Structures are given as C-alpha cells and as structure tokens.
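Q: Sequence and predicted structure are below.
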Amino acid sequence: QVQLQESGPGLVRPSQTLSLTCTVSGGSISSDNHYWSWIRQHPGKGLESIGYIYYSGSTYYNPSLKSRVTISVDTSKNQFSLKLTSVTAADTAVYYCARDYSTPKTGWSYGMDVWGQGTTVIVSS
Amino acid sequence: DVVMTQSPLSLPVTLGQPASISCRSSQSLVYSDGSTYLHWFQQRPGQSPRRLIYKVSNRDSGVPDRFSGSGSGTDFTLKISRVEAEDVGVYYCMQGTHWPPAFGQGTKVEIK
C-alpha cells in the first residue's frame, strides 16, 4: 500500500524559500499511471493545487504560483520535492503531497487517491 | 479554466437524516472517451482529505454505502442517506476532465 510522507521545516522566514519533500513508500514513484502533486490549504480554507510532476520530470504549475514554484523528482530516492520562493505570510498553510491517477498523456484525472498527512508551514520572522 | 461551484457552503444536519451537496461546473465534464471525471473528497477535522467517490458514482474502497454520487454534464450531487457523527467535515468536489483539475470551495457538514 502506497504511503506518502511530507518533510521539511515548519517555520520559514519571509522572503526565503520554502522547501518540502514527499517520500513515497510501498510503491514506485516511477509509476506509468500517476502524477505526483502538491496541494496546500490555508487556515480554515479550501484546497489549492500547487502543481504536479510525472516521474519523467514533466510538470504542471498553478499559474497563480508558477513564477515562484519548482517541483522536482528524484526517482533514486523515491521522492519529489517542492520549492516555493519569496514566501510571505500568505504562504502559511498546511502542505499536502498526493498521488493522482493521471499522466501527461491521458488528459483526465481520477483525483488524488493517496494523500500524505500534511505538514504545517508557518511563514514568520 | 473550469470553475467548480458547490452549494450549500454550510450544511447543518440532524443525525440519521439525509444530506445532499450540489456541485456545478462551468463546462461539461464529459470527456472525449464518454466518461465523466467528477470526484468527491471528504476531509474530517484535523485529517487529510480522502477520496470518497470517483467518476461521479463509484465509491472508493471502504466508503460506506450511505454515500452516493450522481449527476451528469455540469450538475452533480453527493448524498448521504443517513448522516452519522463520523460524517462531520468538509466535502469537496473535483473535476478531472479538463486540465488542470479543480476543486470546489468545499461544503462544511456539521451536526445540528
């Protein structure tokens, strides 16, 4: 059974870079059938998609965050990562990694069937 | 991009009574293969979201049969036949027909 675990600093200073890693266990990140995604949830708010990555390195970023986001994959470590630059208090949120049954070729998505437990990131000086 | 609109945003319900959540999309969610990629997620307080239903009406493994999904085109509904205390939380619809996938705003279900 595939499990995901987010890791990274819980506190980031304003203007610095938020860096998180998601470790995939119980399965391979090099799945032909899955995108790997980052989603965040501001306090008391809904779900916001940050972006997706396929094991080949193909990515999609939310246009509202695109200028600040980089998602990368390390197949040797079975991990994918999120970097968000120039953070402000507005980036304070719970960050989730998740697996989506979708690929760059399919065009559709079955939605996220596996989620990490989420990690809280606070942006504050 | 496709916009997903849920209603109501807050739904107080009595234990044992039914509940219904509506989700509308700004475009038809019928894909070229004839399938409709509309999914429902549940997020209990303090927990990660979990998918309840995929492709309109298919329950995920372990999801009680009191949850059902229906709809077509642009209008979809999640129904809980008899609400239990463990059903408290926020429910999101999500479309996966048009890239990028998009969530609705969420509907908070609480017990009266």
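A: Thanks, I have the structure now.
Q: Need the distance between the two termini of stretch A:87-99.
A: One end of stretch A:87-99 sits 25 Å from the other (C-alpha to C-alpha, to the nearest Å).
Q: B:S22 is in contact with B:M4, correct?
A: No - B:M4 is beyond contact range of B:S22, at 10.8 Å (criterion: C-beta atoms under 8 Å). Quick note: C-beta positions are derived from backbone N, CA and C, even for glycine.
Q: need the strands for the chain, in chain order.
A: All of this refers to chain A. Using DSSP state E, the strands of chain A run over A:3-7, A:11-12, A:18-25, A:34-41, A:47-53, A:59-61, A:69-74, A:79-84, A:93-101, A:112-115, A:119-123.
Q: wrong chain, I was asking about chain B
A: Along chain B, counting by DSSP E, strands occupy B:4-7, B:10-13, B:19-25, B:38-43, B:50-54, B:58-59, B:67-72, B:75-80, B:89-95, B:102-103, B:107-111.
Q: CSV for those, including distance to chain A and mean neighbour count?
A: Output for the strands of chain B, formatted as CSV (distance: least, C-beta to the nearest C-beta, whole Å; neighbours: other C-beta atoms under 10 Å in any protein chain shown):
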stretch, distance to chain A, mean neighbour count
strand B:4-7, 9, 18
strand B:10-13, 13, 14
strand B:19-25, 13, 20
strand B:38-43, 4, 25
strand B:50-54, 5, 22
strand B:58-59, 10, 14
strand B:67-72, 12, 17
strand B:75-80, 13, 20
strand B:89-95, 5, 25
strand B:102-103, 5, 20
strand B:107-111, 10, 17
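Q: Residue of chain A closest to chain B, please.
A: A:S109 (3.1 Å; C-beta to the nearest C-beta).
Q: number of nearby residues for A:R68?
A: Using other C-beta atoms under 10 Å in any protein chain shown, the number of residues around A:R68 comes to 16.
Q: if we can go back for a sec, can you redo the strands of chain A as a markdown table with mean pLDDT and distance to B:M94?
A: Below are those laid out as a markdown table (pLDDT from 0 to 100; distance: least, C-beta to C-beta, whole Å):
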| stretch | mean pLDDT | distance to B:M94 |
| --- | --- | --- |
| strand A:3-7 | 98 | 18 |
| strand A:11-12 | 98 | 28 |
| strand A:18-25 | 98 | 19 |
| strand A:34-41 | 96 | 10 |
| strand A:47-53 | 95 | 8 |
| strand A:59-61 | 94 | 15 |
| strand A:69-74 | 98 | 19 |
| strand A:79-84 | 98 | 20 |
| strand A:93-101 | 97 | 10 |
| strand A:112-115 | 97 | 8 |
| strand A:119-123 | 98 | 21 |
